[in-house]
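Student: next one to model:
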Amino acid sequence: MLCLAALLGALGAGGTELTLELPDSAQRCFHQELESGIKFSLDYQVISGGHYDVDCYVEDPNGKTIYQETKKQYDSFSHHTDIKGVYTFCFSNEFSTFSHKIVYFDFQLESACVTIHEMLNAVIDSQTHYRLREAQDRSRAEELNGRVSYWSVGETLILFVVSIGQVMLLKSFFTEKRPSSGGAGT
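Tutor: Below is the predicted model:
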């Protein structure tokens, strides 16, 4: 299966997979020169940081926006180029002032004769999506485990304090009180 994917990749499909750190209040752009009539696809997903959202847009060589989404956790975009030139795609975290994000994206160029390659890409993209979701869930589970541990320690301390208080209260019920001498019997 890997050999088939490598062979199909050599026949005209190409692409780039990257994971980038996007600081707070920042924007990162990438540029790709493309011929007319080429199909490209952009898949992205925020894998950590803030509310797991980012802005994304794609511009053609004339500066016309052909795709724009705000505060998305993940998305896919496909387009057939109409003109030759440099296409720009940008990820923006400018709306966030205190949390940086880590963004994974996959930029693929595809030719019309590789339908099988498209299907394999869809499977790979799904697997990557599930792996990234698993990484997010693992991070959340570790955070939750830490909170549960702190809560358990707190409950244990409260249990000891209450237990000692109850023992002291019960002990006071069974302690014999001696009558005090009023000084009349001396």
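Student: all contacts plus neighbour counts: C-alpha atoms, from now on.
Tutor: Will do.
Student: tell me the pLDDT at the residue most central in space within the chain?
Tutor: By CA atoms, centre = their mean, the mean C-alpha position of the chain lies nearest to I47, the distance being 2.6 Å. On pLDDT, I47 comes in at 92.
Student: does it touch D137 like I think?
Tutor: No - counting by CA atoms under 8 Å, I47 stays clear of D137, with 10.0 Å between them.
Student: and the gap between the residue nearest to the centre of the chain and L18?
Tutor: Using CA to CA, to the nearest Å, I47 is found at 12 Å from L18.
Student: who touches both of those two?
Tutor: Y104 (CA atoms under 8 Å, 6 or more residues apart in numbering).
Student: mind showing which ranges of the protein have poor pLDDT?
Tutor: Flagging of the chain using pLDDT under 70 yields the residue ranges 1-14, 110-115, 179-186.
Student: do a quick rundown of the helices in it.
Tutor: Under the criterion DSSP state H, helices of the chain are mapped to 2-10, 115-174.
Student: mean neighbour count and distance to F89 for those helices - can I get that in JSON lines?
Tutor: Listed next are the helices of the chain as JSON lines, based on neighbours: other CA atoms under 10 Å; distance: least, CA to CA, whole Å:
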{"stretch": "helix 2-10", "mean neighbour count": "13", "distance to F89": "22"}
{"stretch": "helix 115-174", "mean neighbour count": "12", "distance to F89": "19"}
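Student: let's have those in a markdown table, adding distance to G85.
Tutor: A markdown table is the format used below for the helices of the chain (distance: least, CA to CA, whole Å):
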| stretch | distance to G85 |
| --- | --- |
| helix 2-10 | 22 |
| helix 115-174 | 24 |
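Student: which residues pair with D106 across the strands?
Tutor: Beta-bridge partners for D106, by DSSP bridges, are E17, D43.
Student: cool, thanks, talk later.
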